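In: Fold the stuff below for me.
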Amino acid sequence: MKKSLFIIATAACAVMTGCFDNRERPQDATPVTSLAALAATNRAEVVRLYLRGGAETLVDGSFKDLPALRELDLSERKLKTIPLEIFTLPSLTRLWFARNELAQIPAEVAKMPALQYLNLDGNKLTVVPESLGDAAKLRYLRLNENQIADFPAALGKLKELRRFYAVRNKLTVVPAFLKECPFIEDVILDNNAITEVPDWMTKMPALKSVSLTGCKIAKLPEDISGWRKLNSLSLAGCPIAAEEMQRIRKALGDDVAVTF
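Out: All right, here's what the predicted structure looks like:
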């Protein structure tokens with residue numbers, strides 16, 4: 001039974017876009033994949049709880065007494081709110097709440113003491129609250145396929161942020177808060193109505209991957225020499241002339257994988 005649960009959970013994880021790598025995956029406990037299984041388990045020892053797409057009704061107490069829980073997946077359950085109990089979980093580092101019907105990000109998210117990974121892809125979000133900037137340990141923020149047009153400057157307080165995804169939203173500019181995040185490595189903003197790359201973005205010292213596929217960018221700033229750690233740049237589908245493509249490739253060199 002333990003082996004089958006592990007196989008199910010591993011398969012579920014494999015289809016999660018942006019899932020953690022094996023080095024970060026806890027291997028010291030069998031994952032739980034249903035509320036029924038949780039009821040038959042020592043709750044104090046549960047580390048991973050994957051309830052993606054499940055039909056079981058969440059009731060008060062579903063997430064109580066889980067002091068060791070590090071990963072929780074509540075994606076694809078047609079939920080309109082995040083159960084309040086989740087915000088009190090002391091060890092939770094990763095929360096998946098993708099493809100639900102969430103219209104607002106609760107302020108309580110920022111008070112979760114251990115949260116490092118937050119996936120809210122495919123919800124109904126139109127704004128991001130300033131309070132999210134108080135999520136001091138947040139490293140990975142995914143907000144793909146929502147209806148967000150702007151991000152508050154307060155998110156610049158996310159000093160530990162490494163990866164930011166906001167594909168298929170309503171952005172017209174690269175979110176300015178990113179320039180205040182010194183360790184940001186990946187910025188993925190595909191299929192937005194962004195028209196330019198600001199000068200400050202080319203001076204972000206830790207950037208390794210930038211993707212602006214399907215945006216409306218015609219050229220990059222004249223000086224892109226600040227992208228010293230960049231290894232991947234995607235401008236596929238952007239209206240960039242051949243001469244500009246040649247300039248970009250020459251400026252970045254052979255070590256950077258550039259896609260037009």
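In: center of the protein, which residue is that?
Out: The centroid of the chain falls nearest to residue 142 when counting by Cα atoms, centre = their mean (2.3 Å).
In: where does this structure have low pLDDT?
Out: Residue ranges of the chain with pLDDT under 70: 1-29.
In: can you map out the helices along it?
Out: In the chain, the segments counted as helices under DSSP state H are 2-14, 35-39, 242-252.
In: returning to that earlier point: residue contacts, the residue nearest to the centre of the chain?
Out: By Cβ atoms under 8 Å, 6 or more residues apart in numbering, residue 142 lies in contact with 18, 98, 118, 119, 120, 121, 163, 165. Where you see a C-beta, it was placed from the backbone N, CA and C, and this is true even at glycine.
In: any idea how far it lies from residue 135?
Out: Using Cβ to Cβ, to the nearest Å, residue 142 is found at 13 Å from residue 135.
In: Kindly point out which residues are neighbours of both of these two.
Out: Residues touching both residue 142 and residue 135 (Cβ under 8 Å, 6+ apart) are residue 118.
In: how about stretch 40-53 as PDB, C-alpha atoms only?
Out: Extracted as PDB, the C-alpha positions of stretch 40-53 are listed here (Å, rounded to 0.1, in the frame of the first residue of the first chain):
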ATOM      1  CA  ALA A  40      -6.000   6.300   9.100                       C
ATOM      2  CA  THR A  41      -2.600   7.900   9.500                       C
ATOM      3  CA  ASN A  42      -0.600   9.400  12.400                       C
ATOM      4  CA  ARG A  43      -1.300  13.000  11.500                       C
ATOM      5  CA  ALA A  44       1.600  14.300  13.500                       C
ATOM      6  CA  GLU A  45       4.000  12.500  11.100                       C
ATOM      7  CA  VAL A  46       2.400  13.500   7.800                       C
ATOM      8  CA  VAL A  47       4.900  15.500   5.600                       C
ATOM      9  CA  ARG A  48       3.200  15.500   2.200                       C
ATOM     10  CA  LEU A  49      -0.500  15.700   1.500                       C
ATOM     11  CA  TYR A  50      -1.600  15.600  -2.200                       C
ATOM     12  CA  LEU A  51      -5.300  16.200  -2.700                       C
ATOM     13  CA  ARG A  52      -5.200  17.500  -6.300                       C
ATOM     14  CA  GLY A  53      -8.500  17.000  -8.100                       C
END
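In: Can you list the buried residues in it?
Out: Buried residues in stretch 40-53, defined by neighbour count with 16 or more other Cβ atoms under 10 Å: 43, 46, 47, 48, 49, 50, 51, 52.
In: re the thing from before, would you convert the contacts of residue 142 into CSV that also reports neighbour count and distance to residue 89?
Out: Listed next are these as CSV, based on neighbours: other Cβ atoms under 10 Å; distance: Cβ to Cβ, whole Å:
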residue, neighbour count, distance to residue 89
18, 16, 21
98, 23, 18
118, 21, 13
119, 24, 16
120, 24, 17
121, 23, 21
163, 18, 22
165, 21, 23
